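Undergrad: Could you work out the structure for the sequence below:
(one chain, ligands or ions: 1)
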Amino acid sequence: MTTFEHRAHIALNDIVLQKNLKRGMNYFANARVTALAAAGDPLALRQRGKAIRDETVTHIGAHLTQLAANVERNGGVVHWAGDAAEARAIILDIAKREGVRRIVKSKSMATEEIELNHALEASAIETVETDLGEYIAQQAHEPPSHIIAPIVHKNKEQIAEVITKVAGRPIEADAIAINNFARAELREKFLSAEMGITGANFAVAETGSIVLVTNEGNGRMCSSAPRVHVAVMGADKVLPTHDDLAVLLSLLTRSATGQAISVYVSMLSGPRRADDVDGPEQFHLVIMDNGRSTFYGGEFQEMLNCIRCGACLNVCPVYKATSGHAYGACYSGPMGAVLMPGLGGLSDFGDLAHASSLCGACRDACPVMIDIPRMLVAWRQRVPHSRIEALLFRLTRIGMTTPLLYRLGVFFGRIGLKLFVRDGRIQGGPPLINRWTHGRDFPPIATRTFRERWKE
Ligand code: SF4
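TA: Below is the predicted model:
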């Protein structure tokens with residue numbers, strides 16, 4: 001497995017990617033600010049959102065029990081999955097039992113998290129993503145690079161190239177031409193699929209309803225046209241009441257895409273009833289833990305408040321320079337850097353905690369005020385260092401807290417580091433030091449320190 005550092009360097013040298021990211025991220029970041037300002041008192045709205053999420057996560061067991069009871073009362077079936085393998089097995093089992101050969105999917109990060117598509121395709125079940133961005137990512141054989149805008153890293157020429165290969169004829173680099181092709185392809189899939197799979201942006205405990213937020217209407221098609229609907233959600237997506245939903249929905253759409261409300265908000269409560277004109281014959285809700293319980297009651301619990309809006313990605317200087325693929329995980333950006341070490345383990349994802357300048361922009365943008373920088377520092381303290389690195393940190397601490405050693409360090413450091421100063425910054429340097437100077441503009445030690453100037 002490559003490191004974040006390695007993948008980030010590849011991204012930084014990709015000029016087209018840099019251009020695409022700048023355009024996409026700036027658009028989203030500006031739209032969020034305007035949309036929140038239009039909500040009247042953005043700070044009060046965010047404080048309400050935070051209070052609701054704090055209360056929900058603190059009493060999550062009770063809310064999940066109520067949700068499950070109401071889903072069953074509505075005629076749905078609830079499945080509890082401890083981990084990704086269990087969630088995949090539950091869904092595969094339903095698909096096999098129902099003789100499913102084709103599945104249409106609406107964008108869902110929960111299913112990305114459990115790598116569901118691979119498992120379905122390994123069982124010879126055709127699985128079609130129907131969100132336009134996800135559809136293009138699937139055709140390009142790439143994972144999404146942003147939780148809200150999966151294909152934001154590509155421009156329309158790159159997208160047309162992907163679609164041209166699928167179509168077997170030239171498709172113009174034009175949004176309408178690309179849309180028309182995808183629409184024609186997907187219509188037939190919607191009508192012939194036996195199963196639809198969606199995520200759940202929220203699940204409301206008081207009525208047992210799941211809520212889908214989309215702009216393309218594909219979520220409604222996936223959940224109503226096929227005869228079986230399976231919704232997959234992380235346990236943290238539960239909300240107590242519809243009043244709570246009104247607050248969080250307003251924060252989600254404004255923070256994600258800068259819309260007061262998305263084009264479609266679908267609330268689904270169980271399978272089709274006798275007098276319904278459409279809807280699935282079966283509704284299954286898969287509620288998965290998959291590592292979330294390791295966050296409960298600890299210093300990372302606050303991360304479970306996340307509503308997956310993506311706002312922290314759009315303002316993060318590291319994400320904006322490297323894109324989602326550099327994180328090597330389904331969740332990227334600041335939220336991913338906190339979530340992944342907990343969900344996927346420190347040994348595979350511990351280096352993501354260093355993928356941050358700790359500038360605090362993510363905390364300022366987060367609609368539910370999650371203190372991401374605090375948790376990144378906490379993860380950094382847990383990442384094991386090599387013996388030599390640990391020794392250097394210890395020596396640095398002693399040097400920084402002992403005035404005489406500090407002064408000696410500055411004196412000799414100023415002389416020693418002169419060898420590595422080029423173009424006004426330290427470049428290269430001895431091993432370990434060069435890991436810092438390689439990716440940063442590291443200034444040389446000042447010719448006169450603050451203490452020296454203060455004396456004068
Ligand atoms: S951490 Fe906050 S800003 Fe980032 S995705 Fe989650 S809710 Fe949105």
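
Undergrad: wait, Met340 sits on Leu352?
TA: Yes. With contact defined as CB atoms under 8 Å, Met340 counts as touching Leu352 (5.6 Å). In this view, the C-beta of every residue, glycine as well, is placed from N, C-alpha and C.

Undergrad: what about dumping the CA coordinates of stretch 396-408 to PDB?
TA: Output of stretch 396-408 as PDB, limited to C-alpha atoms (Å, rounded to 0.1, in the frame of the first residue of the first chain):
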ATOM      1  CA  THR A 396      13.400  18.400  20.700                       C
ATOM      2  CA  ARG A 397      11.100  18.600  23.700                       C
ATOM      3  CA  ILE A 398      14.000  18.700  26.200                       C
ATOM      4  CA  GLY A 399      15.700  21.300  24.000                       C
ATOM      5  CA  MET A 400      12.600  23.500  23.700                       C
ATOM      6  CA  THR A 401      12.000  23.500  27.400                       C
ATOM      7  CA  THR A 402      15.600  24.100  28.600                       C
ATOM      8  CA  PRO A 403      16.600  27.700  27.900                       C
ATOM      9  CA  LEU A 404      20.400  27.000  27.700                       C
ATOM     10  CA  LEU A 405      19.900  24.100  25.300                       C
ATOM     11  CA  TYR A 406      17.400  26.100  23.300                       C
ATOM     12  CA  ARG A 407      20.000  28.900  22.800                       C
ATOM     13  CA  LEU A 408      22.700  26.500  21.900                       C
END
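
Undergrad: still on that earlier bit, please identify which of Met340 and Leu352 sits among more neighbours.
TA: Shown here are Met340 and Leu352; by other CB atoms under 10 Å, Leu352 has more neighbours (30 against 26).

Undergrad: State the distance from Pro430 to Cys309.
TA: The gap separating Pro430 from Cys309 is 43 Å, by CB to CB, to the nearest Å.

Undergrad: Comparing the two, which shows the higher neighbour count?
TA: The neighbour comparison of Pro430 against Cys309 (other CB under 10 Å) goes to Cys309, with 26 against 11.

Undergrad: Which of the three states applies to that one?
TA: Secondary structure, DSSP: H, G, I helix; E, B strand; the rest coil: Cys309 is coil.

Undergrad: Spit out the contact partners of it.
TA: Ile148, Leu251, Leu252, Ser255, Ala256, Pro367 (CB atoms under 8 Å, 6 or more residues apart in numbering).

Undergrad: can the residues you listed go into CSV with extra columns for distance to the ligand, secondary structure and pLDDT?
TA: Listed next are the contacts of Cys309 as CSV, based on distance: CB to the nearest ligand atom, whole Å; DSSP: H, G, I helix; E, B strand; the rest coil; pLDDT from 0 to 100:
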residue, distance to the ligand, secondary structure, pLDDT
Ile148, 9, coil, 95
Leu251, 8, helix, 98
Leu252, 8, helix, 98
Ser255, 6, helix, 97
Ala256, 8, helix, 96
Pro367, 6, coil, 98
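
Undergrad: if we can go back for a sec, between Met340 and Leu352, what contacts are shared?
TA: Tyr327, Ala329.

Undergrad: So which residues on the protein come close to the ligand?
TA: 255, 306-312, 335, 365-368, 370 (CB under 6 Å from any ligand atom).

Undergrad: For His79, state which of the residues you listed is nearest.
TA: Minimum distance to His79 across these is 21.3 Å, recorded for Arg308 (CB to CB).

Undergrad: Now for the closest one: which residues touch it?
TA: The contact partners of Arg308, by CB under 8 Å, 6+ apart, come to Met109, Ile147, Ile148, Asn201, Met335.

Undergrad: Report how many residues lie close to the last one.
TA: Counted by other CB under 10 Å, the residues lying close to Met335 total 26.

Undergrad: Same check on the second one?
TA: By the criterion of other CB under 10 Å, Ile147 has 23 neighbours.

Undergrad: correct me, but it touches Gly310?
TA: Yes. Contact criterion CB under 8 Å: Ile147 and Gly310 qualify, at 4.8 Å.

Undergrad: returning to that earlier point: among the contacts of Cys309, list the two that are farthest apart in space.
TA: The largest distance within the contacts of Cys309, taken as CB to CB, falls between Ile148 and Leu251 and amounts to 13.6 Å.

Undergrad: okay, how far is it across stretch 103-113, tip to tip?
TA: One end of stretch 103-113 to the other measures 18 Å (CA to CA, to the nearest Å).

Undergrad: actually stretch 418-434, not the one I wrote
TA: 14 Å.

Undergrad: Contacts made by it with the rest, please.
TA: With CB under 8 Å, 6+ apart, stretch 418-434 has contacts from Ile388, Glu389, Leu392, Leu417, Trp436, Thr437, Asp441, Phe442, Pro443, Pro444.

Undergrad: a markdown table for those, including pLDDT and secondary structure?
TA: Formatted as a markdown table, these follow (pLDDT from 0 to 100; DSSP: H, G, I helix; E, B strand; the rest coil):
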| residue | pLDDT | secondary structure |
| --- | --- | --- |
| Ile388 | 80 | helix |
| Glu389 | 79 | helix |
| Leu392 | 83 | helix |
| Leu417 | 83 | helix |
| Trp436 | 72 | helix |
| Thr437 | 75 | helix |
| Asp441 | 74 | coil |
| Phe442 | 78 | strand |
| Pro443 | 82 | coil |
| Pro444 | 84 | coil |
